[in-house]
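[1] I would like the atomic coordinates for the input below:
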Amino acid sequence: MNPFELLKKRELIFSDDPSCQVEQAYLLLTSIENLRVERSNQPNALIIHYSLEHYSHEALERALIKEGFRFKESWFDIIHKHLVHYCEDVQKHNLDIPEHHTKKNESEVFAKAYEKHPHGNHDDTPPELREYK
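    Numbering: from 1, shown residues only. Below you'll find the predicted structure:
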């Protein structure tokens with residue numbers, strides 16, 4: 001898997017009430033290692049940057065909910081979160097699948113297979129019949 005596919009940029013949209021929770025979440029998240037946080041253009045949102053090797057959107061969101069933070073809960077937001085969680089879960093499971101050896105050295109594997117098959121100018125006809133005039 002391409003390492004750049006593991007880097008994620010997500011937006012956390014908090015509910016309007018309580019009003020100070022965005023600033024509190026910003027302070028809390030900036031203290032976490034391997035996580036970058038920035039303020040969003042929206043007043044009650046933060047943008048987080050992380051790698052799937054360290055975090056997932058779902059895990060970060062659940063940790064914030066445990067701490068008492070509340071997120072915007074419109075139908076669109078709920079569907080979007082479930083889609084993000086599913087996609088990240090699939091990517092994390094794909095990281096656990098070992099790569100096949102042929103992916104790294106496929107030209108070598110096919111060259112060895114090609115050597116075992118008759119090829120080139122090989123002709124089963126006896127030489128005396130090939131020179132018949």
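[2] any idea where the helices of this structure begin and end?
    21-30, 57-66, 75-96, 101-104, 106-115, 127-130 (DSSP state H).
[3] Dump the ones you listed to CSV, plus mean pLDDT.
    Compiled in CSV, these are given as follows (pLDDT from 0 to 100):
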stretch, mean pLDDT
helix 21-30, 94
helix 57-66, 95
helix 75-96, 93
helix 101-104, 59
helix 106-115, 68
helix 127-130, 75
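[4] and the spatially closest residue to E53 that is not a sequence neighbour, what does it touch?
    Leaving aside its chain neighbours, E53 sits nearest to L6 (5.9 Å; criterion: Cβ to Cβ, 6 or more residues apart in numbering). C-beta coordinates here come from the backbone N, C-alpha and C atoms, glycine included. Applying Cβ atoms under 8 Å, 6 or more residues apart in numbering, we find L6 in contact with 51-53, 91, 95.
[5] Kindly recompute the last result at 6 Å.
    With contact set as Cβ atoms under 6 Å, 6 or more residues apart in numbering, L6 has these partners: 51-53.
[6] Now the buried members of the residues you listed.
    L52 (16 or more other Cβ atoms under 10 Å).
[7] re the thing from before, now that we have the helices of the chain, can you turn them into JSON lines and tack on distance to L46?
    Conversion of the helices of the chain to JSON lines gives the following (distance: least, Cβ to Cβ, whole Å):
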{"stretch": "helix 21-30", "distance to L46": "6"}
{"stretch": "helix 57-66", "distance to L46": "10"}
{"stretch": "helix 75-96", "distance to L46": "14"}
{"stretch": "helix 101-104", "distance to L46": "38"}
{"stretch": "helix 106-115", "distance to L46": "43"}
{"stretch": "helix 127-130", "distance to L46": "79"}
